[in-house]
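Peer 1: Below are the sequence and a predicted model; questions follow.
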There are 2 protein chains.
Amino acid sequence: MTGKNQIGNELKASGTIKFRTFNPQKNTETEQLFTEATDAEINEALTLAKDCFPEFRAMSGQRKAAFLDAIADEILTLGDELIQVFMSESGLPEGRAIGERGRTIFQLRTFSELLREGSWVEARIDTSIPDRTPVPKVDLRKMNIALGPIVVFGASNFPFAYSTAGGDTASALAAGCPVIVKSHPMHAGTSELVGSAVNKAAQKTNMPNGVFSNLNSRGIEVGSKLVEHPSVKGVGFTGSIRGGRALMDLAAKRAEPIPVFAEMGSINPVVLMPNYLRENVSSTAKLYAGSITLGTGQFCTNPGLILGVKSPELNQFTKELGIEITAFDPSCMLHPDIARNFERGKTKLFEQKGLKVVNHSIKSAPANFAQQAIATVNGATFLLNSEMHEEVFGPFSLVVQCENLEELTNIVEQLEGQLTGTILTETDEIAQHPELIRAMQDRVGRLIFNSVPTGVEVCPSMLHGGPYPASSDSRFTAVGTDSIKRWVRPVSYQDWPNELLPDELKNENPLGILRLLNSANSREAIT
Amino acid sequence: MTGKNQIGNELKASGTIKFRTFNPQKNTETEQLFTEATDAEINEALTLAKDCFPEFRAMSGQRKAAFLDAIADEILTLGDELIQVFMSESGLPEGRAIGERGRTIFQLRTFSELLREGSWVEARIDTSIPDRTPVPKVDLRKMNIALGPIVVFGASNFPFAYSTAGGDTASALAAGCPVIVKSHPMHAGTSELVGSAVNKAAQKTNMPNGVFSNLNSRGIEVGSKLVEHPSVKGVGFTGSIRGGRALMDLAAKRAEPIPVFAEMGSINPVVLMPNYLRENVSSTAKLYAGSITLGTGQFCTNPGLILGVKSPELNQFTKELGIEITAFDPSCMLHPDIARNFERGKTKLFEQKGLKVVNHSIKSAPANFAQQAIATVNGATFLLNSEMHEEVFGPFSLVVQCENLEELTNIVEQLEGQLTGTILTETDEIAQHPELIRAMQDRVGRLIFNSVPTGVEVCPSMLHGGPYPASSDSRFTAVGTDSIKRWVRPVSYQDWPNELLPDELKNENPLGILRLLNSANSREAIT
């Protein structure tokens, strides 16, 4: 590790602002000193990215796939050093580090497969009709091409999978967009190592210099300058609503506004239907205690709000959930700031009138460790107090006891946009309440049946996002192959000569991709 | 005609702000008095739209298709009255009115076909793998659903095709979004008639009340209030950069930011390659004189900038273009304001140092008629003077004489985003200049070979939009079936019972649509 910025293939550290990352388990700073990127270094990274863009964008799917596969290989080659740095900068255990590395590798390989297959460009071809009246029809062909250089913000809660070579970077590189990572200040070392793997892979697969840069930052200035830079054409972010909205506002104010995909806060409502709960009190309490404490509650899909109808079973569930959750030993949070915010969030909530703390872990624990908690409140109080709707990031959940399903549905209708919504129910039971399904569906990106929201599959059918403020734009996803659509725009070619068309649109369909040819799906050549 | 606002099925005019539209051919106001929508009427329209949204969104493709077809039928039923009002409010001739009505009907029927086929929802299904290790894989299914109520701004230059029942409205209704049209102040009568056709069709096909409203406005206030209204989930606009950007800014500042698709200004650069021009001087001059004057130059794809390399042929072309264009009789513009802006824009441009007027029509003409013009300037002067890059909306084009292809390419690289870019060339000739194709492609939504940019086909392969400021978001199109993507968001269903899934995602695939099933395209059922 060097603590320097990776400006394409070069390491630079001409700045004067230095910082260290923090080991929350040991409650001390780590050893390596990092240097924040200067304005000149930011400009240099962007100039390289802009200059290499035409070459990178035009590169074949095969070559980009080889690059992504090489990144995966180089990350594995980093071996235990990477795992140790991840653990020291995040306080997360080894199993999680290895698991998240696996997910990151899988994401990269998923995109390389997508590129090798090739149909993701959504080719549409309408051939000419020279004898159409009153005017002849032209030949028109369309496909997706890359937007341009993309800035990716490393996330605090997923130092691998949503960071340097995570989903945003993998999808942007797959699209043909150069990527400039602003590493998370808490994970500068993890990011430098992963960044070095990306750059090694770029050199091994003969990518143009500038296709990837990794910049250090202590505060928000580097990120702001990147979003405002005229060479940047899009932004990927995972984090808080405040942070994401700030980037959205910056991007909207530019002379040329650019799209920001921000995946932000969510309390991920869970509905417990009465008949279901009657039969499943203890198993549900156990299941949810596990989901709420997963990764010390630091998942964006953490279930922070549980809605049920007043009943002896709901009382029993709430009590058991409190016992189950505090049975876990407190675990380490990512950073002292996050641990402090968790304590503050709980305290603020616990002071709200009408809220009752069911159980709060009081085991003695080291600094930065989270004390789990469960609280409860009645539906009417919750509806009137919007403070209770806010995310408390950490192992906490609020059980809302509603008078009836009508009140419960009304609460769902008042919620802001959410990443997920879960209903635990018997099929017959929920079938009687289409209005509740509808209300939930209108507010979420993913609707879950009889399970937990934590756990986000990487596959074509995943929607990880949702109505604001779950994400900045509900029309896109942060996870799965469709996440590439954030970084591409369609371009049409009218009457263009066959030999000058991109391969994807040529008559002979040399890549054998699926195309919409005169409104029918086909892999056929045009004769 | 009543001059009232259509709030769902009811006509209301409780406001005190009254206005008339203007007949530019007669240079007088038209007879009908219109009443601007009040705040209460705006709220009422939005409440109806919000309340009917769940029902309308969940409606089958067959039913929505019947609605769109009925709109087309009802527009035709309006017969000559509609054509006459269109002509009186726009100054456009009868042939154009009938042609544009035909295009509008075609767009509506294109979307009804899309709905009947059904695959547009982009269904993706990944079935479960219960024995996957380390954790079982869930069943996940995703499809596009409607965003919510959409506000559509009628365009001044296409009173049918980009207005009340135009492309924005047709695509939003097809998606399952209720539509609130803010009619263009200049075309309030045309909009009322078309709006009455939409509402008649809605009632005939048993659509819920509120699926469509048409509101009058004299100025910008009604539009601003609509964009800021919390029940609105998206905006469609065609018009000026200033107008579009104002709406983007309003939408970005909302508590819940919403997507705005604005199709805005463009000067639609045309490159004349030397070898091509040598053989085609007169035919190209004739072709472009026709394109520049089409619809009195009031097309968003009007070619306002022609780039060539200094040569005797380019001189000859410029001279002939000037002669050809002023050979046309001046024709009527849409409105006195637009005619005034055209004169102002020309005057401002003609005052720029280094610019030479080639030819300017000086035929006597009635008020509101546009005097066509062609001007020329050398490349270096053009590059340094950004005033010359601005759109002059009307029958005008600027011929830029470059020293060489390098300077020409450099100019293309400095241009803002454009709807279209055209290259007139021999195939061998342009094949030697990939950097020029690349530069053009990076700035445009549609790349045209040896033709004119005017004329926008309605088909799946059309991209009508482009990098800012040609549009607000280059990832979407205003024209063609893909324009529906502006108004939908994907939602994922995890482990959802088959009987509660939407038909599009059910195992048996009752609609027979194309789905991405475990990463392969298929119309098969899941057994």
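Peer 2: Yep, it's here. Numbering: from 1, shown residues only, chains lettered A, B, ... in the order given.

Peer 1: so what secondary structure elements neighbour the lengthiest helix in chain A?
Peer 2: Longest helix in chain A, counting residues (DSSP state H): helix A:94-117. Applying 3 or more CB pairs under 8 Å, 6 or more residues apart in numbering or on different chains; DSSP states H and E, we find helix A:94-117 packed against helix A:61-77, helix A:79-90, helix A:167-175. Glycine gets a C-beta too; all of them are placed from N, C-alpha and C.

Peer 1: Identify the residues contacting the longest one?
Peer 2: Applying CB atoms under 8 Å, 6 or more residues apart in numbering or on different chains, the contact partners of helix A:61-77 are A:82, A:101, A:104-105, A:108-109, A:111-113, A:115-116, A:118, A:165, A:170, A:173-174, A:176, A:194, A:196-198, A:200-202, A:204-205, A:207, A:211, A:511.

Peer 1: can you state the direction angle for that helix and helix A:79-90?
Peer 2: Here the directions of helix A:61-77 and helix A:79-90 differ by 80 degrees (axes from the mean of the first three to the mean of the last three CA atoms, to 10 degrees).

Peer 1: Helix A:61-77: how far from the chain's middle?
Peer 2: Centroid displacement of helix A:61-77 relative to its chain, using CA atoms, centre = their mean, to the nearest Å, is 21 Å.

Peer 1: List the buried residues of that helix.
Peer 2: A:Gly61, A:Lys64, A:Ala65, A:Ala66, A:Phe67, A:Leu68, A:Asp69, A:Ala70, A:Ile71, A:Ala72, A:Glu74, A:Ile75 (16 or more other CB atoms under 10 Å in any protein chain shown).

Peer 1: can you count the residues close to A:Arg242?
Peer 2: A:Arg242: 10 surrounding residues under other CB atoms under 10 Å in any protein chain shown.

Peer 1: same deal with A:Glu426?
Peer 2: 16.

Peer 1: which stretches of the stretch 251-400 of chain A form strands?
Peer 2: A:260-263, A:269-272, A:305-309, A:331-332, A:356-360, A:369-370, A:373-378, A:396-402 (DSSP state E, counting those that start in this stretch).

Peer 1: The fourth one pairs with which strands, parallel or anti?
Peer 2: Using DSSP bridges, the strands paired with strand A:331-332 in its sheet are strand A:369-370 (antiparallel).

Peer 1: Residues contacting the strand it pairs with, please?
Peer 2: In contact with strand A:369-370 (CB under 8 Å, 6+ apart) are residues A:Thr296, A:Gly297, A:Pro330, A:Ser331, A:Cys332, A:Met333, A:Ala339, A:Phe342, A:Gly394, A:Pro395.

Peer 1: Now these in TSV, please, with extra columns for pLDDT.
Peer 2: Shown next, in TSV, are the contacts of strand A:369-370 (pLDDT from 0 to 100):
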residue	pLDDT
A:Thr296	95
A:Gly297	94
A:Pro330	94
A:Ser331	95
A:Cys332	96
A:Met333	96
A:Ala339	96
A:Phe342	96
A:Gly394	96
A:Pro395	97
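
Peer 1: Tabulate these (CSV), appending neighbour count and distance to B:Ile241.
Peer 2: Shown next, in CSV, are the contacts of strand A:369-370 (neighbours: other CB atoms under 10 Å in any protein chain shown; distance: CB to CB, whole Å):
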residue, neighbour count, distance to B:Ile241
A:Thr296, 29, 49
A:Gly297, 26, 46
A:Pro330, 20, 56
A:Ser331, 21, 53
A:Cys332, 23, 52
A:Met333, 29, 47
A:Ala339, 22, 48
A:Phe342, 24, 46
A:Gly394, 25, 46
A:Pro395, 29, 50
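
Peer 1: Which of the residues you listed fall in helices?
Peer 2: Residues of the contacts of strand A:369-370 located in helices (DSSP H): A:Ala339, A:Phe342.

Peer 1: hmm, back to that, now, of the strands of the stretch 251-400 of chain A, which is deepest in the fold?
Peer 2: The highest mean neighbour count among the strands of the stretch 251-400 of chain A, using mean count of other CB atoms under 10 Å in any protein chain shown, belongs to strand A:260-263: a mean of 27.

Peer 1: pLDDT (mean, whole number) over that strand?
Peer 2: Average pLDDT, strand A:260-263: 98.

Peer 1: now swap in stretch A:346-362 and tell me
Peer 2: 95.

Peer 1: re earlier: looking at the strands of the stretch 251-400 of chain A, which is nearest to B:Phe350?
Peer 2: Evaluated with CB to CB, the strands of the stretch 251-400 of chain A place strand A:260-263 nearest to B:Phe350, the distance being 41.2 Å.

Peer 1: starting at the chain centroid, how far to the closest one?
Peer 2: 8 Å.

Peer 1: and after the longest helix of chain A, which helix or strand comes next?
Peer 2: Counting by DSSP states H and E, the next helix or strand C-terminal to helix A:94-117 is strand A:124-126.

Peer 1: In the helix or strand following that next one, which of the residues would be classed as buried?
Peer 2: Next along the chain after strand A:124-126, taking DSSP H and E as the criterion, comes strand A:140-146. Residues of strand A:140-146 classed as buried by neighbour count (16+ other CB under 10 Å): A:Leu140, A:Arg141, A:Lys142, A:Met143, A:Asn144, A:Ile145, A:Ala146.

Peer 1: what's the nearest residue to the last one if we skip its chain neighbours?
Peer 2: Take A:Ala146 and drop its neighbours on the chain: the residue closest to it by CB to CB, 6 or more residues apart in numbering or on different chains is A:Gly176, 3.4 Å away.
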